[in-house]
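**Q** got a predicted structure plus its sequence, pasted below:
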Amino acid sequence: MPLANPVPGRHISDHGIVGDLDTAALVATDGTVDFMCWPHLDSPTIFAALLDPEKGGEFSVVPALDDARLMQLYVPETNVLITRWLSETGSVELTDFMPHPEANVRVPRALVRCVRVNQGRVDLRVCCRPRFHYARDVPEVEEYGGTAVFHAGKHSLRFAATVALEMGDGEAAARFTLGPGECAWFVLGHEEHDPLTAEECEAAYAATADAWRRWTRRSNYRGRWRERVDRSALVLKLLTSHKHGSIAAAATFGLPEATGAERNWDYRATWMRDASFTVYAFMRLGFIDEAEHFRQWTEDRLAELDKHAALRIMYSLDGSEAREESTLDHLAGYAGSRPVRIGNAARTQTQLDIYGELMDSLYLANKYGTASSHAGWAHVRRMVDHVSRHWRDADEGIWEIRDKPRHFLHSRLMCWVALDRAFRLAAKRSLPGPIVEWAAERDRIAEDIWANFRHPDKGYFVQTEGGTDLDASLLMMPLVRFVSATDPVWLATLDAIRDQLTDDGLVFRYRNADGLEGGEGAFTTCTFWYVECLARAGRLHEAREIMARGVLYSNHLGLFSEELSLRGDQLGNFPQALTHLACLSAAYYLDRQLSDPGGQTWQP
């Protein structure tokens, strides 16, 4: 029976993700790894067929099964992924994982794949075609002790298997047949590691699954959307650096916000905003260690600043300066969407809101975790004083417009948060600081927002000073407790957002020009912000309906991309941390309100 070819033109949503808290791989529903950076999440790709099926490189598993049904699922409470082929003549199961750093077995940093036949006798072909340095280099392949070693300049990888390998031009492949209950293991990792035996692979699988289960069971959430919340937490954990404590915004680059348009960015970095929100989500679930690790990482960033330096909006995962933006012109791009960018030019932007998000996460970390050191607090004071001096400045805002700076309400709001949380933390911990001046400056910001950021005729809040446009980031206003969730002005704002920015549960960030060509999709994060605002306003039936619609926009594994087309197709980088943490937060709050509408919820 001939071997089927991998399915071309895979969609963003056709993927699961596995990782080891240092890097990650996307696994398509047909069993192909078509996106993976190595050795770190922000390293160059070794597989990028998702961005260029011809040049990108991939790691495929192809069983010879006619008209097979494809299915994917995670081993419950883990980031171990199973892909299945089911047909009348046989069934095959592929297990993918990267050994957990706490697995405590003799196992290299690697991608481990196990192919097992459950029914029938099935012919299979496995082919590993890495392309180093963002698919610029086709490696040389050498046979070494029954393994394949890929070389490209100073980079090398070893590919080992429990079946015989055939070396080809820039690839290594295996053709074999398995009967019921038989399996074959494949390990792709650093060259210096010795190949693992099947028994060692089995032990690594068991230890990795157990490590993930131990972590997941630390969550305190037991509500209606438990599987959704657990999956979102597991995604956020995958995007968290085990070594540094930093948190990536997504695992990919180059996946477009609108197919065929120029809105293609690199999200493999730590945005202060996204990571701070993630800490908030972790702490809601009781994951205090992750919040503490990130707090230490941010204190190191603050310690690097001199008296007049501003915090950067993003950093590389190791805390160094984020990379300059450049394009990979040799890649075709996802669905022809070019240019394919790496690095991010927004790294030089001014986004004043980051201080509020960061200060809120530090406030929570101090409230529920370990108190800041004296030196750490001194760095925080310097940051807050910077906010006091600069909150009146224009900036590029949360959505990183590539246009002239504006006076955004969201930026002003988060400056208010920075001063408010600094004041509250200093008072709570009896920490030294100019709290009277901070409180006065905080109140001046509040007065400015109420006076200058409302529609001149309709009175609701607007995106920019003196403007009339709406912005979904306004949904943060009651979530950070700037305004009561039932205040008449806020309720008018919420209804205006419903009327002007929503469509069947989809929520668009804004409708006005942002300095870029072409449109974009709905922003998945905003759907869940909207849910939480409805719940806080006591509109629980509406909130529950939008929540039901929102979770349907995840893929078959419960993973969210950054944006959605009007058809509900996933767009943008994947999986998106900001959406998963917003989903988690909305599920947490809405569940508590549905269970006890008049009760107390977890509060910052």
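**A** All right, it came through fine.

**Q** low-confidence stretches in the stretch 451-600 of the chain?
**A** 514-519, 598-600 (pLDDT under 70).

**Q** could I get the full set of strands for it?
**A** 502-503, 506-507, 522-523, 563-564, 570-571 (DSSP state E, counting those that start in this stretch).

**Q** save these as JSON lines, and put in mean neighbour count and distance to A472 too.
**A** Any C-beta I mention is one placed from the backbone N, CA and C, and that applies to glycine too. As requested, these are arranged in JSON lines below (neighbours: other Cβ atoms under 10 Å; distance: least, Cβ to Cβ, whole Å):
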{"stretch": "strand 502-503", "mean neighbour count": "14", "distance to A472": "9"}
{"stretch": "strand 506-507", "mean neighbour count": "24", "distance to A472": "5"}
{"stretch": "strand 522-523", "mean neighbour count": "26", "distance to A472": "7"}
{"stretch": "strand 563-564", "mean neighbour count": "27", "distance to A472": "12"}
{"stretch": "strand 570-571", "mean neighbour count": "26", "distance to A472": "16"}
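
**Q** nearest to Y280 among these would be which one?
**A** Proximity to Y280, assessed across those by Cβ to Cβ, is greatest for strand 522-523 (18.4 Å).

**Q** can you give me phi and psi for the closest residue to T147 other than its chain neighbours?
**A** Residue nearest to T147 in three dimensions, not counting chain neighbours: A160, with 4.3 Å by Cβ to Cβ, 6 or more residues apart in numbering. Backbone geometry at A160, expressed as degrees, to the nearest 10, gives phi -120, psi 150.

**Q** burial check on A160, number of neighbours?
**A** For A160, the neighbour count with other Cβ atoms under 10 Å is 25.

**Q** which among the strands of the stretch 451-600 of the chain is found nearest to L111?
**A** That would be, of the strands of the stretch 451-600 of the chain and by Cβ to Cβ, strand 570-571, which comes in at 23.4 Å.

**Q** check contacts around the residue sitting nearest the centre point of the chain.
**A** Nearest residue to the geometric centre of the chain (Cα atoms, centre = their mean): A577, 2.7 Å. Counting by Cβ atoms under 8 Å, 6 or more residues apart in numbering, A577 touches 235-236, 239, 247-250, 274-275, 278.

**Q** against G245, how distant is it?
**A** 14 Å (Cβ to Cβ, to the nearest Å).

**Q** same question, T270
**A** 9 Å.

**Q** between those two, who's got more neighbours?
**A** T270 (33 against 23).

**Q** with adjacent residues omitted, what lies nearest to that one?
**A** In space, T270 is closest to S246, 4.2 Å off (Cβ to Cβ, 6+ apart).

**Q** L239 now?
**A** A248 (4.5 Å).

**Q** quick check: phi and psi on that neighbour?
**A** Backbone geometry at A248, expressed as degrees, to the nearest 10, gives phi -80, psi 150.

**Q** got it, and W399?
**A** phi -90, psi 0.

**Q** what sits against it?
**A** By Cβ under 8 Å, 6+ apart, the contact list for W399 reads 471, 473, 509-510, 514.

**Q** so which of the residues you listed comes closest to T83?
**A** Once Cβ to Cβ is applied, the member of the contacts of W399 that ends up nearest T83 is R509, at 34.0 Å.

**Q** and the top strand by length along the chain, how far out from the chain's middle?
**A** Longest strand in the chain by number of residues (criterion: DSSP state E): strand 110-119. Centre-to-centre, strand 110-119 and its host chain are 27 Å apart (Cα atoms, centre = their mean, to the nearest Å).

**Q** which strands or helices does that strand pack on?
**A** Of the remaining helices and strands, those touching strand 110-119 by 3 or more Cβ pairs under 8 Å, 6 or more residues apart in numbering; DSSP states H and E are strand 58-63, strand 91-97, strand 122-129, strand 171-178, strand 183-190, helix 198-216.

**Q** now render those as a markdown table, adding mean neighbour count.
**A** Shown next, in a markdown table, are those (neighbours: other Cβ atoms under 10 Å):
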| stretch | mean neighbour count |
| --- | --- |
| strand 58-63 | 24 |
| strand 91-97 | 23 |
| strand 122-129 | 22 |
| strand 171-178 | 19 |
| strand 183-190 | 22 |
| helix 198-216 | 18 |
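
**Q** can you redo those as TSV with mean pLDDT and distance to L362?
**A** What follows is the helices and strands packed on strand 110-119, written out as TSV (pLDDT from 0 to 100; distance: least, Cβ to Cβ, whole Å):
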stretch	mean pLDDT	distance to L362
strand 58-63	98	41
strand 91-97	98	34
strand 122-129	98	44
strand 171-178	98	49
strand 183-190	95	37
helix 198-216	96	24
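
**Q** these: which one's closest to N452?
**A** helix 198-216 (46.0 Å).

**Q** H151 is in contact with P139, isn't it?
**A** Yes. Shown here, H151 and P139 form a contact pair, counting by Cβ atoms under 8 Å, at 5.6 Å.

**Q** who has more neighbours, those two?
**A** With neighbours defined as other Cβ under 10 Å, H151 and P139 compare such that P139 has more, 24 against 15.

**Q** hang on, that one packs against G170?
**A** Yes. P139 lies in contact with G170 (Cβ under 8 Å); the separation is 5.8 Å.

**Q** do you know how far L311 is from D395?
**A** 13 Å.

**Q** okay, the two: which has more neighbours?
**A** D395 (23 against 19).

**Q** quick one: the more buried one from E262, how far?
**A** 22 Å.

**Q** what's the answer for T493, then?
**A** Using Cβ to Cβ, one gets 31 Å for the distance from T493 to E262.

**Q** quick one: which of those two has more around it?
**A** T493 (25 against 15).

**Q** how about P180, what does it touch?
**A** 117-121.

**Q** just those residues now: which is nearest T464?
**A** N118 (58.8 Å).

**Q** wait, doesn't that closest one sit right on V92?
**A** Yes. Applying Cβ under 8 Å, one finds N118 in contact with V92, separated by 7.1 Å.

**Q** what residue ranges in the stretch 51-200 of the chain score low on pLDDT?
**A** Using pLDDT under 70, nothing in the stretch 51-200 of the chain is flagged.

**Q** how about a cut-off of 90?
**A** 103-108, 145, 153-155, 190-197 (pLDDT under 90).

**Q** ok, Q500 - contacts?
**A** Q500 touches 470, 511, counting by Cβ under 8 Å, 6+ apart.

**Q** make it 6 Å
**A** L470 (Cβ atoms under 6 Å, 6 or more residues apart in numbering).

**Q** measure it to L494 for me?
**A** 11 Å.

**Q** try F277
**A** Distance from F277 to L494, by Cβ to Cβ: 20 Å.

**Q** which strands or helices does the longest helix along the chain pack on?
**A** Longest helix of the chain, by residue count under DSSP state H: helix 409-429. Other helices and strands packing on helix 409-429, by 3 or more Cβ pairs under 6 Å, 6 or more residues apart in numbering; DSSP states H and E, are helix 353-368, helix 374-390, helix 435-452.

**Q** closest one to M547 among those?
**A** Nearest of the helices and strands packed on helix 409-429 (Cβ to Cβ): helix 353-368, 23.4 Å.

**Q** now that closest one against helix 374-390, angle please.
**A** 150 degrees (axes from the mean of the first three to the mean of the last three Cα atoms, to 10 degrees).

**Q** buried sites along helix 353-368?
**A** 353-367 (16 or more other Cβ atoms under 10 Å).
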